[in-house]
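**Student:** Mind looking at a prediction? Sequence and model below.
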Amino acid sequence: MEAAREAVARLLGTRAGRITFTSGATEANNAAIHAWARKDARRPLLVSTSLEHPSVAEPLRRLEPTQGWHRLPATAAGGTALDGLADLPAGRIGLVACLAANNETGVLQPWREIRDWAREAEVPLHVDLTQVAGREPVALDGSGIASASLSGHKLGALAGCGVLWMAGDLEPLLLGGPQERGRRAGTENVAGIVALGAVADRLVRHGEEERTRIGELGRRLRKAVAALPGVEFGVPQGAVLDNTVHLRLPVEAEAVLIRLDLQGVCASMGSACSAGAVRPSRTLLAMGWSEEQARRALRLSLGWSSTAGEVDRAAGILGQILSNLGVSEKSSA
């Protein structure tokens, strides 16, 4: 475990003593938010973007009646508008939470600009690094971030293990044991931690090579799907993670998703399912998409095991499915 902690610290540009292992980014995000919310009663207001993962948005929603919650608006391109940030009452803000890249669209968020404002305003900033850790260089020590999170399975490790990084000590969310230097009670997921350490070590040694490989696969996938009838990119292809391809289809995505699954292609609508009902993505609605448009969203993503052959096969199957559903160059115009 300690060897894994050292490897994760090297990946994140920090000291091993600042790494706390959790069950994943969901727990890490909850732990950070609740700790910052309790830290100073004189600073009750919580601030986030409108594009946060539910593991950030839901605890903030639960705290809103007593603390207050301000959401920075999303842009149509999937970023975050910072125009009103300087107008917020910095002396009453106990935390700003921001994801580094959106989990649905892959759009990189302006967390560094938010960090600069937060540092000057002396407001703590929590950053959800789940989508960028291992895909973008990260150096946490001296970054001006107060806390950060990630999930191991996003890097290719086992599910059920993540990291909470803290620049200083915070009150733990889970109490009742001395594990993780008293920062997080409960028996550690040793297998998950060891797997995360192994992946982190590999990325420290071969991270640039892996980023280059994923970049090439991402460009290959984008080129292939851009040629399909009626398919559009859901967000501008500028500041977007190489591994995430977000599409707007000419038909509802649910029918396409089922057919992709039957042929062994993993994809997502970027939607939350509850009681069997597919709900339009909150992220896309925040960006100004209509519910009808949101139901046509499809996300394809790449990881450590992805190959060029899989990219070509997935794009070919998607094209055939659209054809079978009656989509043609003429009908999509």
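**Tutor:** Right, received. Where do you want to start?
**Student:** So which helix or strand of this protein has the lowest pLDDT on average?
**Tutor:** Within the chain, no helix or strand scores below strand 272-274, which has a mean of 38 by mean pLDDT, DSSP states H and E.
**Student:** mind saving the C-alpha coords of the lengthiest strand in the chain as PDB?
**Tutor:** Using DSSP state E to define each element, the chain has its longest strand at strand 93-99. The C-alpha trace of strand 93-99 is given here as PDB (Å, rounded to 0.1, in the frame of the first residue of the first chain):
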ATOM      1  CA  ILE A  93     -17.600  31.500   0.300                       C
ATOM      2  CA  GLY A  94     -16.400  28.300   2.100                       C
ATOM      3  CA  LEU A  95     -15.600  26.300  -1.100                       C
ATOM      4  CA  VAL A  96     -15.500  26.400  -4.900                       C
ATOM      5  CA  ALA A  97     -15.800  23.000  -6.500                       C
ATOM      6  CA  CYS A  98     -14.800  22.500 -10.200                       C
ATOM      7  CA  LEU A  99     -14.300  19.500 -12.400                       C
END
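**Student:** hmm, who's touching that strand?
**Tutor:** Outside strand 93-99, the residues within contact range by C-beta atoms under 8 Å, 6 or more residues apart in numbering are 29, 32-33, 36-37, 39-40, 43-49, 51-53, 56, 60, 67, 80, 109, 111, 114, 118, 121, 123-128, 130-131. The C-beta positions use only the backbone N, C-alpha and C, and glycine is treated the same way.
**Student:** In strands, which of the residues you listed fall?
**Tutor:** Secondary structure assignment by DSSP E places 45-49, 125-128 of the contacts of strand 93-99 in strands.
**Student:** Show me which of these is closest to P89.
**Tutor:** Of all the ones in strands among the contacts of strand 93-99, L45 has the smallest distance to P89: 6.9 Å, by C-beta to C-beta.
**Student:** Verify the stated contact: the closest one with A90.
**Tutor:** No: counting by C-beta atoms under 8 Å, L45 sits too far from A90 to count as a contact (9.4 Å).
**Student:** on that earlier part again, which pair of the ones in strands among the contacts of strand 93-99 spans the longest distance?
**Tutor:** L45 and D128 (19.3 Å).
**Student:** Would you check that W304 makes contact with E210?
**Tutor:** Yes: the criterion here is C-beta under 8 Å, and W304 meets it with E210 at 7.1 Å.
**Student:** pLDDT below threshold where in the stretch 1-150 of the chain?
**Tutor:** The model of the stretch 1-150 of the chain has no residue with pLDDT under 70.
**Student:** Helices along that one, start to end?
**Tutor:** Assigned by DSSP state H, counting those that start in this stretch, the helices in the stretch 1-150 of the chain fall at 2-12, 25-39, 54-67, 111-121.
**Student:** and among these, the most buried is which?
**Tutor:** By mean neighbour count, with neighbours taken as mean count of other C-beta atoms under 10 Å, helix 25-39 ranks first of these at a mean of 23.
**Student:** for that one, packing partners?
**Tutor:** Where contact means 3 or more C-beta pairs under 8 Å, 6 or more residues apart in numbering; DSSP states H and E, helix 25-39 is packed against strand 19-22, strand 45-49, helix 54-67, strand 93-99, strand 125-128, strand 147-151, strand 162-166.
**Student:** Stretch 244-255: end-to-end distance?
**Tutor:** End-to-end distance of stretch 244-255: 21 Å, with C-alpha to C-alpha, to the nearest Å as the criterion.
**Student:** buried ones in that stretch?
**Tutor:** 244-253 (16 or more other C-beta atoms under 10 Å).
**Student:** Please enumerate the strands of the stretch 201-333 of the chain.
**Tutor:** Per DSSP state E, counting those that start in this stretch, the stretch 201-333 of the chain carries strands over the ranges 232-233, 244-248, 272-274, 277-279, 297-301.
**Student:** Spatially nearest residue to A57 (excluding sequence neighbours)?
**Tutor:** Distances taken as C-beta to C-beta, 6 or more residues apart in numbering place S48 nearest to A57, at 7.1 Å, with adjacent residues excluded.
**Student:** show me what contacts the one you found?
**Tutor:** Residues in contact with S48 (C-beta under 8 Å, 6+ apart) are 56-57, 60, 69-72, 96-98.
**Student:** can you redo the residues you listed as CSV with distance to G182?
**Tutor:** Output for these, formatted as CSV (distance: C-beta to C-beta, whole Å):
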residue, distance to G182
V56, 24
A57, 29
L60, 26
W69, 29
H70, 32
R71, 33
L72, 34
V96, 26
A97, 24
C98, 28
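**Student:** A308 is nearest to which of the helices of the stretch 1-150 of the chain?
**Tutor:** If you check each of these against A308 by C-beta to C-beta, helix 2-12 wins as the nearest, at 26.1 Å.
**Student:** gap between that closest one and the chain center?
**Tutor:** Centroid separation for helix 2-12 versus its chain: 21 Å, with C-alpha atoms, centre = their mean, to the nearest Å.
**Student:** what does that helix rub up against?
**Tutor:** With C-beta under 8 Å, 6+ apart, helix 2-12 has contacts from 15-16, 18-19, 21, 129, 133-134, 138-140, 148, 150, 163, 165, 193-194, 196-198, 200-201, 203-204, 207.
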